[in-house]
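Student: only the shape, not the letters, is given here:
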């Protein structure tokens, strides 16, 4: 019998793992199972499709099942939901959703790329016809269709994280009066206080209303079965559209039947080879926890970049290779109307909790020379360990060019550079692109004075 590598799940990790496995060992039969219709698409692009920045929805799809089979040699079975792993027999039990029929498939190696699932409010009516999430392409299409057909005038966005910020911009661009309900006093928990305040200032500038709250209840009162009011601890709000952006959690229901170990964040625990505790089973993507290279702790960070890299490693090793995935530093960014916001490394609070002697500095610099057209302000909040001098994290926000500077600091953090070494970096000086003293160098120089 030909060696079989089965992959469960699509989007980023699954297709990456399947393609890599087939490339490493062309004689292996690789089969990818996906319970939905789409196997490889850009979920991060969905808010920009909803906000009409991306007009053609087909551009969101990276690979169709047919293209993946033709280009990579991977067999694809969409609308096939894996319901059980029988690891002793090395079999999976799959429901064919086309025909509502069960079938068993044998494997030599199994790769789990089951991704994440949206967190729920746990309240009545959160599945009403005008309540949407944006954790899949299907959900994004459904929300866009509802906006185009129903023309809602008011929206409540529940959750003030990265997706919540992107949805604020997308829905304001659709001319919808937007209110953001968030559990905290400021949006984007996990960022430094000054960064959160800058985000709130930009939301207010763009006519988004933030309402901090502790409790949310949705009421369905109209004849269509739509939520028309939400009641919170700070009042009652009328709406004709609700978007839940409560974050995600690992989708790991299959792990129980196979006795696969989960970590403290609920994700699958793997080694550097992306191997689980069960022989012949690998895992990759948003269903997994990952090592934080700054403090060496495990964390849950559902990002497509991480998922795709883990997928490559899992696929190569399932096919007999020797690849490793060492971990991540966290590198995230979001565009909030005219504000670019990025976080790299760990926050000052995380650094203190990890036992570092934390020292920070916040500076405001220019993206270009001050009098060059298009110059904007860039704010850098740099975080370091006073004992070693090592840079641990940064928040960067401001106008154009802010996120790209965060990329540079991300490299510094990943390579464990000290504040002094960051200050000595050779960075470009060119009036259209950067001033003589780049904000990165200014922030390092100012932080060095605190040692």
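Tutor: Cool, the structure landed. The model shown is predicted, which means the values in this text are computed figures rather than measured ones.

Student: who are the contact partners of residue 188?
Tutor: Contacts of residue 188 were listed using CB atoms under 8 Å, 6 or more residues apart in numbering, and they are 160-162, 165, 195-196, 199, 341. The C-beta positions use only the backbone N, C-alpha and C, and glycine is treated the same way.

Student: pLDDT score for it?
Tutor: Note for residue 188: predicted pLDDT of 96.

Student: what of residue 1?
Tutor: Note for residue 1: predicted pLDDT of 63.

Student: how does the protein divide into domains?
Tutor: Taking automatic domain parsing as the criterion, the chain consists of the domains 4-40+61-117+248-318, 120-244, 331-448.

Student: tell me the SS of residue 139?
Tutor: What DSSP: H, G, I helix; E, B strand; the rest coil gives for residue 139 is helix.

Student: and the residue nearest to it when sequence neighbours are not counted, how far from residue 167?
Tutor: In this structure, residue 139 finds its nearest non-sequential neighbour in residue 133, 5.2 Å apart by CB to CB, 6 or more residues apart in numbering. Relative to residue 167, residue 133 is positioned 10 Å away (CB to CB, to the nearest Å).

Student: derive a ChimeraX selection command for the buried subset of the contacts of residue 188.
Tutor: Applying 16 or more other CB atoms under 10 Å to the contacts of residue 188 leaves a buried subset, and the ChimeraX line that selects it is:
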select :160,161,162,165,195,196,199,341
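
Student: quick check, nearest of the contacts of residue 188 to residue 284?
Tutor: Set against residue 284, the nearest of those by CB to CB is residue 162 (21.4 Å).

Student: residues contacting stretch 159-172, please?
Tutor: For stretch 159-172, the surrounding residues in contact (CB under 8 Å, 6+ apart) are 47-48, 50-51, 134, 147, 155, 157-158, 178, 180-184, 186-189, 199, 203, 206-208, 210, 241, 243-247, 332, 334-337, 341.

Student: mind listing which of those are in helices?
Tutor: 47-48, 50, 147, 199, 203 (DSSP state H).

Student: between these, which has the most around it?
Tutor: Using other CB atoms under 10 Å as the neighbour test, these are led by residue 47, with 27 neighbours.

Student: ok, now which ones touch it?
Tutor: 134, 140, 163, 166-167, 169-170.

Student: adding distance to residue 325 as columns, could you present the domains of the chain in CSV?
Tutor: Output for the domains of the chain, formatted as CSV (distance: least, CB to CB, whole Å):
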stretch, distance to residue 325
domain 4-40+61-117+248-318, 4
domain 120-244, 23
domain 331-448, 14
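
Student: tell me which of those domains approaches residue 55 most closely.
Tutor: Closest to residue 55 of the domains of the chain is domain 120-244 (CB to CB; 11.0 Å).

Student: low-confidence ranges in the stretch 1-150 of the chain?
Tutor: 1 (pLDDT under 70).

Student: would you list every one of the helices in it?
Tutor: Using DSSP state H, counting those that start in this stretch, the helices of the stretch 1-150 of the chain run over residues 13-24, 46-50, 65-72, 137-150.

Student: one more: the stretch 151-300 of the chain?
Tutor: Under DSSP H, counting those that start in this stretch, the stretch 151-300 of the chain gives helices at 162-173, 193-205, 255-258.

Student: pick the most buried one from those helices.
Tutor: Sort the helices of the stretch 151-300 of the chain by mean neighbour count, taking mean count of other CB atoms under 10 Å, and helix 162-173 sits at the top with a mean of 24.

Student: okay, the angle between that one and helix 137-150?
Tutor: In terms of direction (axes from the mean of the first three to the mean of the last three CA atoms, to 10 degrees), helix 162-173 departs from helix 137-150 by 20 degrees.

Student: can you give me the neighbour number for residue 175?
Tutor: Other residues near residue 175 number 11, with proximity taken as other CB under 10 Å.

Student: residue 439 against residue 404, yeah?
Tutor: No. Checked against CB atoms under 8 Å, the pair residue 439 and residue 404 is beyond contact range at 11.2 Å.

Student: out of those two, which sits in the more crowded spot?
Tutor: When residue 439 and residue 404 are compared for neighbours, residue 439 comes out ahead with 25 against 16, by other CB under 10 Å.

Student: any idea how far residue 9 is from residue 123?
Tutor: Counting by CB to CB, the gap from residue 123 to residue 9 is 29 Å.

Student: that older thread, ok, of the contacts of stretch 159-172, which come out buried?
Tutor: 47-48, 50-51, 134, 147, 155, 157-158, 178, 180-182, 186-188, 199, 203, 206, 208, 210, 241, 243-247, 332, 334-336, 341.

Student: for the residue nearest to residue 139, what are its contacts?
Tutor: Going by CB under 8 Å, 6+ apart, residue 133 touches 118, 139, 243-245.

Student: for those, which one is nearest residue 101?
Tutor: Of all these, residue 101 sits closest to residue 139, with 26.4 Å by CB to CB.

Student: and the strands in the stretch 101-250 of the chain?
Tutor: In the stretch 101-250 of the chain, the strands defined using DSSP state E, counting those that start in this stretch lie at 101-106, 109-112, 116-118, 131-132, 154-158, 177-182, 209-212, 216-220, 227-232, 235-238, 242-244, 248-250.

Student: tell me the secondary structure of the nearest residue to residue 408 once chain neighbours are set aside, please.
Tutor: Distance criterion CB to CB, 6+ apart; nearest residue to residue 408, sequence neighbours excluded, is residue 440 at 5.9 Å. State at residue 440, reduced to three classes by three-state DSSP: helix.

Student: for the one 5 residues further on, same thing?
Tutor: Secondary structure for residue 445, judged by three-state DSSP, is helix.
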